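Asker: need a 3D model of the sequence below.
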Amino acid sequence: QVQLQESGPGLVKPSQTLSLTCTVSGGSITTTHFYWSWIRQPPGKGLEWIGYISYSGNTYYSPSLKSRTSISRDTSKNQFTLQLSSVTPEDTAVYYCALSGSTFIYDYWGQGTQVTVSS
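Answerer: All right, here's what the predicted structure looks like:
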């Protein structure tokens with residue numbers, strides 16, 4: 001059973017970089033055809049997909065967030081990390097990490113972590 005756990009600061013100041021880590025257990029982030037995504041849900045809104053890093057280390061980002069997003073990984077720790085730069089209060093959301101196969105149906109999710117952007 002794959003488990004995902006998000007970690008990182010719950011409060012970020014405007015213009016700073018949001019950084020979150022997803023620690024994976026019960027499976028390897030290098031397993032073929034696994035895609036590791038970040039997804040967020042702003043208050044009162046629906047889910048928004050941010051981007052993914054694949055089993056081979058390739059990345060793909062939402063066009064609307066691409067200029068501010070970077071997803072990387074540490075295979076020795078079985079972790080992947082989201083960095084979102086130049087944040088504004090509109091980036092306040094619950095952030096989730098999630099696992100899908102090549103069909104991009106998300107079978108496994110972390111519990112989510114609240115990030116608030118405020119001075």
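
Asker: partner strands of the lowest-mean-pLDDT helix or strand in the chain and their direction?
Answerer: Across the helices and strands of the chain, the lowest-confidence element by mean pLDDT, DSSP states H and E is strand 106-109, at a mean of 94. Looking at strand 106-109 with DSSP bridges, its partner strands are strand 93-100 (antiparallel).

Asker: show me what counts as buried in the least confident helix or strand of the chain.
Answerer: For strand 106-109, the buried set under the neighbour-count rule, 16 or more other Cβ atoms under 10 Å, comprises 106, 108. Any C-beta I mention is one placed from the backbone N, CA and C, and that applies to glycine too.

Asker: downstream of that strand, the next helix or strand is which one?
Answerer: From strand 106-109 onward toward the C-terminus, using DSSP states H and E, the following helix or strand is strand 113-117.

Asker: what's that next one packed up against?
Answerer: With contacts defined as 3 or more Cβ pairs under 8 Å, 6 or more residues apart in numbering; DSSP states H and E, strand 113-117 has these neighbours: strand 11-12, strand 18-25, strand 93-100.

Asker: recalculate using a threshold of 10 Å.
Answerer: strand 3-7, strand 11-12, strand 18-25, strand 35-41, strand 79-84, strand 93-100 (3 or more Cβ pairs under 10 Å, 6 or more residues apart in numbering; DSSP states H and E).

Asker: let's have those in a markdown table, adding mean pLDDT, distance to Ser119 and mean neighbour count.
Answerer: Listed next are those as a markdown table, based on pLDDT from 0 to 100; distance: least, Cβ to Cβ, whole Å; neighbours: other Cβ atoms under 10 Å:
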| stretch | mean pLDDT | distance to Ser119 | mean neighbour count |
| --- | --- | --- | --- |
| strand 3-7 | 98 | 23 | 17 |
| strand 11-12 | 98 | 10 | 16 |
| strand 18-25 | 98 | 14 | 20 |
| strand 35-41 | 98 | 20 | 22 |
| strand 79-84 | 98 | 17 | 20 |
| strand 93-100 | 97 | 17 | 22 |
